[in-house]
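Engineer: Fold the following and give me the result.
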Amino acid sequence: MYIDTHCHLSKEDYNDIDLVIKENKENKVNRIIVSGCTKENIIEALELANKYEDIYLTIGYHPSEVNEITDHDLELLEEQIKANSKVVGLGEIGLDYHYGKEDMELQKELFRKQMNLAEKLHLPVVIHSRDATEDTINILKEFPNVIGDIHCFSGSVETAKIYISMGYKIGIGGVVTFKNSNLYKVVEEIGVENIILETDAPYLAPVPVRGKQNSSKYIPYIAEKVAEILNISKEKVAEITTNNAVSLFDLK
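Structural biologist: The predicted structure is shown next:
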């Protein structure tokens, strides 16, 4: 059995959510963690979790939303988390400087506020970090009691080891299957015990379906690549990464 620890599930992207869940089960993906990271899709994600047994949630405001989020929105986020037992983490939160650093200080402020909330609620965090590794690490170090996972990791072996030393798991997705990716070096060095699997669906579909709409049902392709890199069985990858996810997110 597999767990997709990070995906986005919306009626805007998928015409038939029932079919998505059915196909997941057919491919041994028995639980998925949907990320709600804007005010609008948090509401939809909460509705999906209430409807489907297989769906758990992480919710939090993505750094791209920084100019839309007020302190009132953060209070509402806390209320939404407390009101739904299927919320198992806070995220994806973090920093994104890919399109510039004009709002860098605002991003850091929002990041710290949400890290404080995670610490208060004893929840793991899901970290988005794009072109912002140094600042991300420095802020995480301010919260030594918080753990989580580094979503869609694409950095160096050295960076991965820093995150692991701080108690974080490394989220490995479809990029590891790409021919031009060096992510295999990270997988080789850190081992399956530090990995959780994710799709980031509907984005970043793995080979052999690269370029198509991604879905949680494709998690086995990612597991197969990890197994190949580490020279272990796909079943072993499934077992260990599932246990890692269950432990990190306290899944029942």
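
Engineer: What pLDDT does the model give Val157?
Structural biologist: pLDDT recorded at Val157 is 98.

Engineer: quick one, strands of the stretch 151-252 of the chain?
Structural biologist: Ranges of strands in the stretch 151-252 of the chain, per DSSP state E, counting those that start in this stretch, are 168-172, 195-197.

Engineer: What pairs with the shortest one, parallel or antiparallel?
Structural biologist: This means strand 195-197. Counting by DSSP bridges, the strands paired with strand 195-197 are strand 168-172 (parallel).

Engineer: what bits of the stretch 151-252 of the chain have low per-residue confidence?
Structural biologist: For the stretch 151-252 of the chain, no stretch has pLDDT under 70.

Engineer: And the helices in it?
Structural biologist: Secondary structure of the stretch 151-252 of the chain (DSSP state H, counting those that start in this stretch): helices at 157-165, 183-190, 219-230, 234-249.

Engineer: Relative to Asn67, tell me which of the ones you listed wins on proximity.
Structural biologist: Minimum separation from Asn67 across those (C-beta to C-beta) falls at helix 157-165, 27.6 Å. (C-beta placed from N, C-alpha, C; glycine too.)

Engineer: Which parts of the closest one count as buried, going by neighbours?
Structural biologist: 159-160, 162-164 (16 or more other C-beta atoms under 10 Å).

Engineer: Give me whichever of the helices of the stretch 151-252 of the chain is most buried.
Structural biologist: Among the helices of the stretch 151-252 of the chain, helix 219-230 has the highest mean neighbour count (mean count of other C-beta atoms under 10 Å), at a mean of 21.

Engineer: so what secondary structure elements neighbour that helix?
Structural biologist: Of the remaining helices and strands, those touching helix 219-230 by 3 or more C-beta pairs under 8 Å, 6 or more residues apart in numbering; DSSP states H and E are strand 2-7, helix 183-190, strand 195-197, helix 234-249.

Engineer: among the ones you listed, which is nearest Leu90?
Structural biologist: Proximity to Leu90 (C-beta to C-beta) singles out helix 234-249 among the helices and strands packed on helix 219-230, at 10.9 Å.

Engineer: surely Tyr52 meets Asn24?
Structural biologist: No. Using C-beta atoms under 8 Å, Tyr52 is not in contact with Asn24, being 10.0 Å away.

Engineer: These two - which one has more neighbours?
Structural biologist: It is Asn24, of Tyr52 and Asn24, that has more neighbours when counted by other C-beta atoms under 10 Å, with 24 against 18.

Engineer: gap between that one and Met115?
Structural biologist: As judged by C-beta to C-beta, to the nearest Å, Asn24 and Met115 stand 31 Å apart.

Engineer: In whichever strand or helix holds Leu46, which residues are buried?
Structural biologist: Using DSSP states H and E, Leu46 sits in helix 39-51. Buried residues in helix 39-51, counted by 16+ other C-beta under 10 Å: 41-42, 44-46, 48-49.

Engineer: Of the residues you listed, just say which sits nearest to Phe143.
Structural biologist: Of all those, Ile42 has the smallest distance to Phe143: 22.0 Å, by C-beta to C-beta.

Engineer: Mind listing the residues bridging to the nearest residue to the closest one once chain neighbours are set aside?
Structural biologist: Of all residues not flanking Ile42 in the chain, Gly36 sits nearest, at 3.7 Å (C-beta to C-beta, 6 or more residues apart in numbering). Beta bridges link Gly36 to Ile59 when assigned by DSSP bridges.
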